[in-house]
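**Student:** Give the three-dimensional model of this entry:
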Amino acid sequence: MCASTVRRVIGVLAILLCGATSSSQTVATSDLDTLEREAGALERLTGQPGWSVLTTPEYRHGSTAFVNATAKLVAAANERDLDAAAERYTAVTTACYQCHRYLKSARIANTEERGKP
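**Tutor:** This is a model prediction of the structure:
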């Protein structure tokens, strides 16, 4: 991955982390107006150029899981359903964790392969 692609990905992930943290706070404080705004921002983030830098089936699966979970979080916020929003926020964070776990494993495997004679 070239340096400019890495910078784009890091930028997207930084925005994602800030949005996810804010969403967590808004669910905990029942701030549904802010949750609507922040969940929508997370959803729009998936359209950014740095979002789809990998083309592996595993990455696409993880990305799709995140996109679907985020859409459901947006719907819960729009419906003003705090219980559903809490459940869907959990699904969003689970999708993040699973995708990051895959990326870490792929990076380790790639590093090990490059180290072979």
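**Student:** From the contact counts, what lies against the top helix by length along the chain?
**Tutor:** Secondary structure of the chain per DSSP state H: the longest helix is helix 82-114. Secondary-structure packing of helix 82-114 (3 or more CB pairs under 8 Å, 6 or more residues apart in numbering; DSSP states H and E): helix 3-28, helix 32-45, helix 57-78. Every C-beta, even on glycine, is put in place using the N, C-alpha and C of the backbone.
**Student:** Low-confidence regions, the chain specifically.
**Tutor:** Scanning the chain for pLDDT under 70 picks out the ranges 1-26, 53, 107-117.
**Student:** can you rerun that using 50?
**Tutor:** Along the chain, the parts satisfying pLDDT under 50 run over 1-11, 14.
**Student:** give the contact list for residue 44.
**Tutor:** Counting by CB atoms under 8 Å, 6 or more residues apart in numbering, residue 44 touches no other residue.
**Student:** sorry, back to before: okay, buried residues for the longest helix of the chain please.
**Tutor:** With burial defined by 16 or more other CB atoms under 10 Å, the residues of helix 82-114 counted as buried are 82, 85, 88-89, 91-92, 95-96, 99, 102.
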